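>>> here is a sequence with its predicted model. Questions after.
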Amino acid sequence: MASTAGRARRGAKSACMNREPRFPAHDEHDEAGCGSHFILLRKEVPVSNPPCILTIAGSDSGGGAGIQADIKTITILGGFSTSVITALTAQNGVGVDAIHAPEPGFVAQQLKTVRDGFPIAAAKTGMLYSAPIIEAVSAGLRGRSFPLVVDPVCVSQSGQPLLREDAVNALKWHILPHADLLTPNRPEAELLAGRAIRVPADIPVVARILLGMGPKAVLIKGGHFGEGISPVDAVLSNNAVCTDWLALPDTAVVQLPQPVGRTSNNHGTGCTLSAAIATYLGMGLELKEAIMRAQRYLNHCLRHGYTPGLGAGPPDHASWIARRADEHHLPSLATL
């Protein structure tokens, strides 16, 4: 029986690794001629062969952030989500009550098993919690050929630490040098860089400090800035403009503004954005285009955010499906 099962697993793995390319060529265009081959869900990737996207992060028992937000985002955008759980949290929209971390060896085993069994097209990290877990993840990602998005999750939205103090240096030494994109918010950028952002001119300086730690690109997210820096550059009815800053080596820092709706239902926004960027990278998009598409996805979901329980609610990840259906006059899920 063991021999038969082993042969079956090897056969399945071989079939998986020998599949056809997972995403369309860069020069494929949609009917509108805008270069987007991701207009309909069924056109984002072939249904039979979505790209495998890996999320390495903590579990949010409240469902709004962490692995749960990542899996929803990856799936809705047309990817196949695989996962490595780095921590279990007891949390809801009000706060985090407790954290349980698995043994680093089990984290390493999850990562090895997933990489052995799936042709990963892109990956992201979120909550890594401790230095030993960070070291296990770093070792497990060696030899990869897929892009890696690093969301340096340090503190929950409600203020509870999600990264131990001794893990900050481990993150700098073992993860940041291997990141294709680092996506810190303001507090995370300040913590990692060791420098406060007080005026707009500080943002490129901090971005350059972070680039010096090894990532190929840095996206400083604008959601935690106040008036005078971001996000409220302009107010139109109930909307504002939020600016993220993209830094690449040897080029000026680029501002990427986008309209956002005012809402308190923003639990899990960083997880959602980084998962969306990783998914689009796994589909073959260039970095800036992947970021801009991820921004649009997140901001659409934020405008439809809701409060399923106490405290801050999440963006409505599934609202993207209804948007696509409306644009193309397809029946909604409720009518099927």
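Sure thing, it's come through. Numbering: from 1, shown residues only.
>>> the lengthiest strand in the chain - contacts with which helices or strands?
Secondary structure assigned by DSSP state E gives strand 80-91 as the longest strand of the chain. Where contact means 3 or more Cβ pairs under 8 Å, 6 or more residues apart in numbering; DSSP states H and E, strand 80-91 is packed against strand 52-60, helix 66-76, strand 96-100, helix 104-117, helix 131-140. The way it works is simple: take the backbone N, C-alpha and C, and place the C-beta from them, glycine included.
>>> between the ones you listed, which gets the lowest average pLDDT?
Mean pLDDT across the helices and strands packed on strand 80-91 is lowest at strand 96-100; the value there is a mean of 92.
>>> okay, the helices and strands packed on strand 80-91 in CSV with distance to R186 next?
Converted to CSV, the helices and strands packed on strand 80-91 look like this (distance: least, Cβ to Cβ, whole Å):
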stretch, distance to R186
strand 52-60, 20
helix 66-76, 20
strand 96-100, 20
helix 104-117, 28
helix 131-140, 22
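>>> what's the most buried one of those?
Of all the helices and strands packed on strand 80-91, strand 52-60 carries the top mean neighbour count, a mean of 28, counting by mean count of other Cβ atoms under 10 Å.
>>> re the thing from before, so which bits of the longest strand of the chain are buried?
F80, S81, T82, S83, V84, I85, T86, A87, L88, T89, Q91 (16 or more other Cβ atoms under 10 Å).
>>> which ones are touching the first one?
When the contact criterion is Cβ atoms under 8 Å, 6 or more residues apart in numbering, the partners of F80 are P50, P51, C52, I53, I74, F118.
>>> before we move on, what about the fifth one?
For V84, the residues meeting the contact criterion (Cβ under 8 Å, 6+ apart) are L54, T55, I56, A57, V107, Q110, L111, V114, V137, G140.
>>> what's the following helix or strand after the least confident helix or strand in the chain by mean pLDDT?
Ranked by mean pLDDT, DSSP states H and E, the weakest helix or strand in the chain is strand 235-236, scoring a mean of 34. Once strand 235-236 ends, the next helix or strand along the chain (criterion: DSSP states H and E) is strand 239-247.
>>> tell me what that next one is packed against?
Going by 3+ Cβ pairs under 8 Å, 6+ apart, strand 239-247 lies up against helix 202-211, strand 218-220, strand 254-261, helix 287-303.
>>> so can I have a markdown table of the ones you listed showing mean neighbour count, mean pLDDT and distance to L128?
Converted to a markdown table, these look like this (neighbours: other Cβ atoms under 10 Å; pLDDT from 0 to 100; distance: least, Cβ to Cβ, whole Å):
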| stretch | mean neighbour count | mean pLDDT | distance to L128 |
| --- | --- | --- | --- |
| helix 202-211 | 19 | 96 | 17 |
| strand 218-220 | 29 | 97 | 18 |
| strand 254-261 | 16 | 84 | 26 |
| helix 287-303 | 21 | 91 | 21 |
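>>> distance of P161 relative to R303?
Noted for P161: a distance of 30 Å to R303, by Cβ to Cβ, to the nearest Å.
>>> okay, the helices and strands packed on strand 239-247 in TSV with distance to D70 next?
Listed next are the helices and strands packed on strand 239-247 as TSV, based on distance: least, Cβ to Cβ, whole Å:
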stretch	distance to D70
helix 202-211	22
strand 218-220	17
strand 254-261	21
helix 287-303	12
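>>> how about those, which one is nearest Q157?
Q157 sits nearest to helix 287-303 of all the helices and strands packed on strand 239-247, at 13.4 Å, using Cβ to Cβ.
>>> thinking again about what came up before, of all the helices and strands packed on strand 80-91, which one is nearest A276?
Comparing the helices and strands packed on strand 80-91 by Cβ to Cβ, helix 66-76 comes nearest, at 5.3 Å.
>>> now the closest one, how far from the centre of its chain.
9 Å (Cα atoms, centre = their mean, to the nearest Å).
>>> P315 against T307, yeah?
No - counting by Cβ atoms under 8 Å, T307 is not a contact partner of P315; they are 11.6 Å apart.
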